[in-house]
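> with the input below, show me the fold.
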Amino acid sequence: MKITILPVGQVAGDVLQAIQNGFGEIIPETQVTILEAAMPIPSQTYNSSRRQYHSTPILRKISNYVTTRKAEYVLGVTEADLYVPNYNFVFGEAACPGAVALISLFRLKPEVHGQPPNKQLFHERALKEAVHEIGHMLGLEHCRNPSCVMFFSNSIEDTDRKGTRFCDDCHLLVHRAMEK
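So this is what the prediction gives:
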């Protein structure tokens, strides 16, 4: 499986590298490339009353990279705070199944939750959300196992509680999807 990480807006390279390295440990059969050139955040996706960006149109824009770069899977990573209608925020969104996903780093930062900066915790959270969205791209739905990376994160506490890996059931589904 080939995954291209696409920075959307300005994103620190260390977190992109942490995601790339983490994929190698969690899904060893994965080849991960980080694009140097970032895709600008489409200004029309900004909702000034919410002070957030609507993730779905950004996801559609990322899908253009799949066709123009001939990438198998593209994971967009942004610092922007994202939302979809009817939700206060989202950590990410993906085509399920599909070839594109997007995660937001904004609410994964400990400082946003009144905690001191912690790069290790931040990188772990980013990896969890990235792996979660890759799972959706492979067709996995949310899992009921609260320690599985596919568990739905409604809060940062949910993200912290779950692991970085798939439970046995989801792991089997991932490998079946990768064999197709």
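> pLDDT value on the residue of the chain most remote from its centre, please?
Distance from the centre of the chain peaks at S49, with 24.7 Å (Cα atoms, centre = their mean). The model reports S49 with a pLDDT of 96.
> are we agreed that it is in a helix?
No - applying DSSP: H, G, I helix; E, B strand; the rest coil, one finds S49 to be coil, outside a helix.
> what's the weakest-modelled helix or strand in this protein?
Counting by mean pLDDT, DSSP states H and E, the chain has its least confident helix or strand at helix 55-69, which shows a mean of 85.
> and that helix, how far from the chain's centre?
14 Å (Cα atoms, centre = their mean, to the nearest Å).
> and it, what does it pack onto?
Under the contact criterion of 3 or more Cβ pairs under 8 Å, 6 or more residues apart in numbering; DSSP states H and E, helix 55-69 touches strand 2-8, strand 73-78, strand 82-83, strand 92-94, strand 100-104. Just so you know, the C-beta spots here come from the backbone N, C-alpha and C atoms, and that holds for glycine as well.
> ok, and for the last one, which residues are buried?
The one in question is strand 100-104. 100-104 (16 or more other Cβ atoms under 10 Å).
> fine by me, thanks again.
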